[in-house]
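Colleague: give me the fold of what follows.
(one chain, ligands or ions: 1)
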Amino acid sequence: MEYLPIFIDLKQQDCLVVGGGDIAARKASLLIKAQAKVTLVAPELSATSKAMVDAGELSWLQGYFDPAQVEQQRLVIAATDDEDVNAAVHEAAKARNILVNVADSPEQCDFILASILDRSPIVVAVSSGGDSPVLARNLRARLETLIPPNYGKLGQLMGKYRETVKQQFSRLSQRRRFWESVLEGPVTDHMLAGREELAEQTLQQQLQNPEKNDFRQGEVYLVGAGPGDPDLLTFKALRLMQQADVVFYDRLVSKEVLALVRKEAEMVYVGKQRAWHAVRQEEINTLLLEHAKQGKRVLRLKGGDPFIFGRGGEEIETLADEQIPFQVVPGITAASGCSSYAGIPLTHRDYAQSCVFVTGQLKEGELDLNWEALVQPRQTVVVYMGLAGLPELSRQLQAHGMPADKPAALVQQGTTENQRVWISTIAELPELAEKEQPVAPTLVIIGEVTRLHKTLSWFRTKE
Ligand code: SAH
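Modeller: So this is what the prediction gives:
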């Protein structure tokens, strides 16, 4: 090991930073975060450092570096663009045995500043020993996605009860078991979901009754899986996917996304078929409820966004009635995913000032839509579930005044490697679909913006 990672208490400690540029400012701001008393030496300041001085975060010694300035400092950092000045700072600190860091010069460093993930009181520091700061930053970014923002609050809560737990359990092994059960149980779930009060109450109950181990209450996560590309999942979606006990997913969820669900979770396919939809929906609602009542973490994974043509609202109504806790995680809806990956901006200053999402699902062979609103100029119309009713859609739009040559697009399996995009007109779309036979799911986008596909398309598929 080239360096020993240590965490220094710098509260109210004097620290010196030499340099007026942005690198000096960045290092100074780290020291300030750790509540150090920072003095910055520089003849002039960059805008960033100036703002810090103006905000009273540090004091500025205007002028050139003088070796006497390192006297009594806890840490010294040199970050000027003048090697001689940096060397002088280094030498002055060394002479007084004060720890020094010279930016971008590992051989002149007694210590290095790590890439920091701050979930105070939890702090993770990553270092590559100066070999590759970029790599260290990359690793830190990965950790950032894994460690939820409320992790720090969990740490605070555990800190608050540390003494109480110590008094209650005299043996270390008992304490360890207690804290492990907290980490694997509902206290942590509540805290990470932002239910701080409930987390604390549950911790208190668990303390009063440590033998009882079913403090877990079931919970349902209604999560948007996005349009297909697993890279489009949110951090939160991924985290909940990795802690589920049972998963109910439907046809629209891509297999790449499913592959990211916790391996031990029970997977239940509840794909819907158009015709017997209504019956099944009630069954799904009941399934979610029953599993949650057994104390499980139930993941309801839905394509796109659960609240956009996803019946997400209906599924959680039953849970709300029965007071089962749930969380809803938005996903990238097909309109967003398909338009981005097809190079079709949904709004555009020159072509469309508004955008509407409608369902094109037929009811007894008919479409019940507000046609007057849909044929307005300078707007984009996105039709979900529009493939089967395409001839009717095309006919009605024209009958209500939409020009036959209005540009329109079909996007098949957007954001996946099977994505295909066809550009046509509203009059010719049914014929095109008849000929090309797009595979579900396919999205219909109507409006001048679809013309932009030709120049803005960027996503490359197998095809
Ligand atoms: N909740 C989903 C929509 C469910 S309705 C969402 O927010 O995206 C199902 C319809 O969505 C399909 O008929 C199709 O029109 C559209 N759709 C969903 N994913 C799609 C994809 N990857 N490519 C094209 N259309 C998609």
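Colleague: kindly confirm my reading that residue 113 is in a strand.
Modeller: No: Residue 113 sits outside any strand when classified using DSSP: H, G, I helix; E, B strand; the rest coil, being coil.
Colleague: could you find the closest non-adjacent residue to it?
Modeller: In space, residue 113 comes closest to residue 30 once its chain neighbours are excluded; the distance is 6.1 Å by C-beta to C-beta, 6 or more residues apart in numbering. From N, CA and C alone the C-beta is placed, and that goes for glycine too.
Colleague: measure the one you found to residue 180 for me?
Modeller: According to C-beta to C-beta, to the nearest Å, residue 30 and residue 180 sit 33 Å apart.
Colleague: same thing with residue 407?
Modeller: From residue 407 to residue 180 the distance is 60 Å (C-beta to C-beta).
Colleague: pop the domain breakdown of the chain in here.
Modeller: Following automatic domain parsing, one gets these domains for the chain: 14-113, 151-208, 219-332, 341-456.
Colleague: and the first one, how far from the chain's centre?
Modeller: So that's domain 14-113. Here domain 14-113 is found 35 Å from its chain centre; the criterion is C-alpha atoms, centre = their mean, to the nearest Å.
Colleague: first to last residue in that domain, what's the distance?
Modeller: 17 Å (C-alpha to C-alpha, to the nearest Å).
Colleague: ok, the shortest one next?
Modeller: Terminal residues of domain 151-208 are spaced 24 Å apart (C-alpha to C-alpha).
Colleague: same question for that domain, mean pLDDT?
Modeller: Domain 151-208 shows a mean pLDDT of 91.
Colleague: once you drop chain neighbours, what's closest to the residue of the stretch 301-450 of the chain at minimum distance from the ligand?
Modeller: Nearest residue of the stretch 301-450 of the chain to the ligand, counting by C-beta to the nearest ligand atom: residue 304, 1.9 Å away. Take residue 304 and drop its neighbours on the chain: the residue closest to it by C-beta to C-beta, 6+ apart is residue 333, 4.4 Å away.
Colleague: number of residues surrounding the one you found?
Modeller: Applying other C-beta atoms under 10 Å, we find 24 residues neighbouring residue 333.
Colleague: got it, and residue 103?
Modeller: Residues near residue 103, counting by other C-beta under 10 Å: 21.
Colleague: and this structure, which of its residues are near the ligand?
Modeller: Counting by C-beta under 6 Å from any ligand atom, the chain comes close to the ligand at 227-228, 252, 302-305, 308-310, 333-334, 338, 384-385, 411, 413-415, 441-443.
Colleague: among those residues, which lie within strands?
Modeller: Counting by DSSP state E, the part of these found in strands is 302, 384, 411, 442-443.
Colleague: may I ask which two of those residues are separated the most?
Modeller: 302 and 411 (19.1 Å; C-beta to C-beta).
Colleague: these two: who's more crowded?
Modeller: Taking neighbours as other C-beta under 10 Å, residue 302 and residue 411 compare with residue 411 leading, 29 against 24.
Colleague: the more buried one against residue 423, yeah?
Modeller: No: with contact defined as C-beta atoms under 8 Å, residue 411 does not reach residue 423; the gap is 10.0 Å.
Colleague: before we move on, the earlier item: does the residue of the stretch 301-450 of the chain closest to the ligand really touch residue 223, like I thought?
Modeller: No: with contact defined as C-beta under 8 Å, residue 304 does not count as touching residue 223 (11.0 Å).
Colleague: residue 300 sits in which helix or strand?
Modeller: strand 297-302 (DSSP states H and E).
Colleague: please report phi then psi for the residue nearest to residue 113.
Modeller: Dihedral angles of residue 30 (phi, psi; degrees, to the nearest 10) stand at phi -70, psi -40.
Colleague: ditto for residue 348
Modeller: Per degrees, to the nearest 10, the backbone of residue 348 is at phi -160, psi 130.
Colleague: beta partners for it?
Modeller: residue 352 (DSSP bridges).
Colleague: how about residue 425?
Modeller: Assigned bridge partners for residue 425, using DSSP bridges, are residue 407.
Colleague: neighbours of it, how many?
Modeller: Applying other C-beta under 10 Å, we find 16 other residues in the vicinity of residue 425.
Colleague: residues in contact with it?
Modeller: 404-408 (C-beta atoms under 8 Å, 6 or more residues apart in numbering).
Colleague: do you know the pLDDT at it?
Modeller: 98.
Colleague: so which residue is dead centre in the chain?
Modeller: Nearest to the mean C-alpha position of the chain, by C-alpha atoms, centre = their mean, lies residue 235 at 3.6 Å.
Colleague: need the contact list for that one.
Modeller: Counting by C-beta under 8 Å, 6+ apart, residue 235 has contacts 145, 148.
Colleague: gap between it and residue 147?
Modeller: Residue 235 is 10 Å from residue 147, by C-beta to C-beta.
Colleague: remind me which residues of the chain are low pLDDT?
Modeller: Counting by pLDDT under 70, the chain has low-confidence residues at 213-215, 272-279, 463.
Colleague: any common contacting residues for residue 304 and residue 223?
Modeller: Taking C-beta under 8 Å, 6+ apart as the contact rule, residue 304 and residue 223 both touch residue 331.
Colleague: what would the ones in strands among the residues of the chain next to the ligand look like in CSV with distance to residue 459?
Modeller: Shown next, in CSV, are these (distance: C-beta to C-beta, whole Å):
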residue, distance to residue 459
302, 23
384, 20
411, 11
442, 16
443, 14
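Colleague: and of these, the nearest to residue 370?
Modeller: residue 384 (15.4 Å).
Colleague: the closest residue in space to that closest one that isn't next to it in sequence: neighbour count?
Modeller: Spatial nearest neighbour of residue 384, excluding adjacent residues (C-beta to C-beta, 6+ apart): residue 309 at 4.8 Å. Counted by other C-beta under 10 Å, the residues lying close to residue 309 total 19.
Colleague: so residue 324 makes contact with residue 293?
Modeller: Yes: applying C-beta under 8 Å as the test, residue 324 and residue 293 come out as touching, 7.1 Å apart.
Colleague: overlap in contacts, those two.
Modeller: residue 218.
Colleague: ok but residue 421 is inside a strand, no?
Modeller: Yes: assessed with three-state DSSP, residue 421 lies in a strand.
Colleague: residues near it, how many?
Modeller: Burial of residue 421 is recorded as 23 neighbouring residues (other C-beta under 10 Å).
Colleague: same deal with the one 10 residues further on?
Modeller: When counting by other C-beta under 10 Å, one arrives at 13 neighbours for residue 431.
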